[in-house]
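Participant: coordinates only, no sequence provided:
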């Protein structure tokens, strides 16, 4: 597609996309929240307390995720969601974006990452949205 | 064995409060239960696992169809086999293989009773396993490993520390490093085998050690092994040695 990006065309594109973009971002965050909690998808609640869920059914292996969007920047969250063990050597947090190299992975799951790129992007958007209540503006 | 996460003060306290008794010694899963389940396990009427112990006692005295003898007619009371239980799995120097309680029972059914062996996880096998383990209640898991079984023991230990499955987690990741933490609603114990077969609320029934291994394998999306498979016998041997000194508490109640 070699469309010529005239200022007018850009302005038009922005006008069309801005409103839907905001909606999409909210939808993506909601999607991320759902995927993180879903035992068939992220299943993050097995190890973490996910905000909004009853603490009694949530894990304490990793830190609670409330406020994590204020503690960690987007790049770090993306890296964590791709290969947590590369970022934090020795961690037991599973590697969601790469296929497992450990033995006994069932045939149907071999070569598969735990989460797809779009699922990981949704979860990152959700994590980023989890701001600490006392700190309205993130500092990266 | 001291969890690294003791760096986090709260969990350190949790850990310390759990390890009453000699520091860093093995703890039964009982120590990680809430009060309610602890009381249920201790209750001689309400413990649901005792149902299988009763069935096992009946089976022990019952002659199999086809004219064979009852277990009791050769062995006497179930209590006569009590000393055997905490020393299993053990090395059989004739077959040059490890054998565990389920395997010995099935072998006797075939060789001595002339019947088909009860399938793994069948009510009959669970009942007989529960009855014999119950007879050993209070006896300490043995530390003894035959010299010929040294390699099998080493393989069992390697299994325990090997990360596996799509989640790439080892038994030790959960049952050693994060013992005491919660995985979703469950307090993670040290993965001890002194309560088996256990009545597990998750299963709503009694289950064997190998059923538990399969469950824990599947929890990390790893291909489980068959009941009675060599790698599980080796793992079971290592876990018996790892938990040496813990009293048999069959039938344990677990979440």
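Facilitator: Cool, the structure landed. Keep in mind the model is a prediction, meaning the values are calculated, not measured.

Participant: what's the burial count for residue 26?
Facilitator: All of this is about chain A. Per other C-beta atoms under 10 Å in any protein chain shown, the neighbour tally for residue A:26 reads 12. For every residue, glycine as well, the C-beta is placed using N, CA and C.

Participant: if you could check chain B rather than the one you did, that'd help
Facilitator: Using other C-beta under 10 Å, residue B:26 is surrounded by 18 other residues.

Participant: that one in helix, strand or coil?
Facilitator: Using DSSP: H, G, I helix; E, B strand; the rest coil, the structure places residue B:26 in coil.

Participant: in this structure it contacts residue B:190, no?
Facilitator: Yes. Judged on C-beta atoms under 8 Å, residue B:26 makes contact with residue B:190 at a distance of 6.3 Å.

Participant: who touches both of the two?
Facilitator: residue B:243 (C-beta atoms under 8 Å, 6 or more residues apart in numbering or on different chains).

Participant: residues from chain A in reach of chain B?
Facilitator: Within chain A, the positions adjacent to chain B are A:45-47, A:56-61, A:92, A:94-95, A:100-106, A:109, A:112, A:114 by C-beta under 8 Å from any C-beta of the partner chain.

Participant: so who does the residue nearest to residue B:221 when sequence neighbours are not counted touch?
Facilitator: For residue B:221, ignoring the flanking residues on the chain, the nearest one in space by C-beta to C-beta, 6 or more residues apart in numbering or on different chains is residue B:166 at 3.8 Å. By C-beta under 8 Å, 6+ apart, the contact list for residue B:166 reads A:94, A:100, A:102, A:105, A:106, A:109, A:112, A:114, B:220, B:221, B:222.

Participant: residue A:132: which of those is nearest?
Facilitator: Nearest to residue A:132 among the contacts of residue B:166: residue A:94, at 25.4 Å, using C-beta to C-beta.

Participant: what about that closest one, neighbour count?
Facilitator: Neighbour count for residue A:94, taken as other C-beta under 10 Å: 26.

Participant: tell me the spacing between it and residue B:221.
Facilitator: Residue A:94 sits 9 Å away from residue B:221 when distances are taken as C-beta to C-beta, to the nearest Å.

Participant: which residues are in contact with each of these two?
Facilitator: What both residue A:94 and residue B:221 touch, as defined by C-beta under 8 Å, 6+ apart, is the set B:166, B:167.

Participant: give me the buried entries from the residues of chain A next to chain B.
Facilitator: Among the residues of chain A next to chain B, those classed as buried by 16 or more other C-beta atoms under 10 Å in any protein chain shown are A:45-47, A:58-61, A:92, A:94-95, A:100, A:102, A:104-105, A:109, A:114.

Participant: looking at those residues, which is nearest residue B:128?
Facilitator: residue A:104 (30.5 Å).

Participant: in contact with the closest one, which residues?
Facilitator: B:164, B:165, B:217, B:222, B:223.

Participant: with residue B:188 instead?
Facilitator: Contacts of residue B:188 by C-beta under 8 Å, 6+ apart are A:61, B:32, B:174, B:175, B:178, B:179, B:180, B:181, B:182.

Participant: again with residue B:149
Facilitator: Neighbour list for residue B:149: B:90, B:91, B:98, B:237 [criterion: C-beta under 8 Å, 6+ apart].

Participant: let's go with 6 Å and repeat that
Facilitator: Taking C-beta atoms under 6 Å, 6 or more residues apart in numbering or on different chains, we find residue B:149 in contact with residue B:91.

Participant: please tell me the pLDDT value assigned to it.
Facilitator: Here, the pLDDT recorded for residue B:149 equals 98.

Participant: for it, helix, strand, or coil?
Facilitator: Put simply, residue B:149 is helix when judged by three-state DSSP.

Participant: hang on, the earlier thing: which among the contacts of residue A:104 count as buried?
Facilitator: Of the contacts of residue A:104, these count as buried by 16+ other C-beta under 10 Å: B:164, B:165, B:217, B:222.

Participant: pretty sure the second one is touching residue B:221, no?
Facilitator: Yes. Under the contact definition of C-beta atoms under 6 Å, residue B:165 touches residue B:221, with a separation of 4.5 Å.
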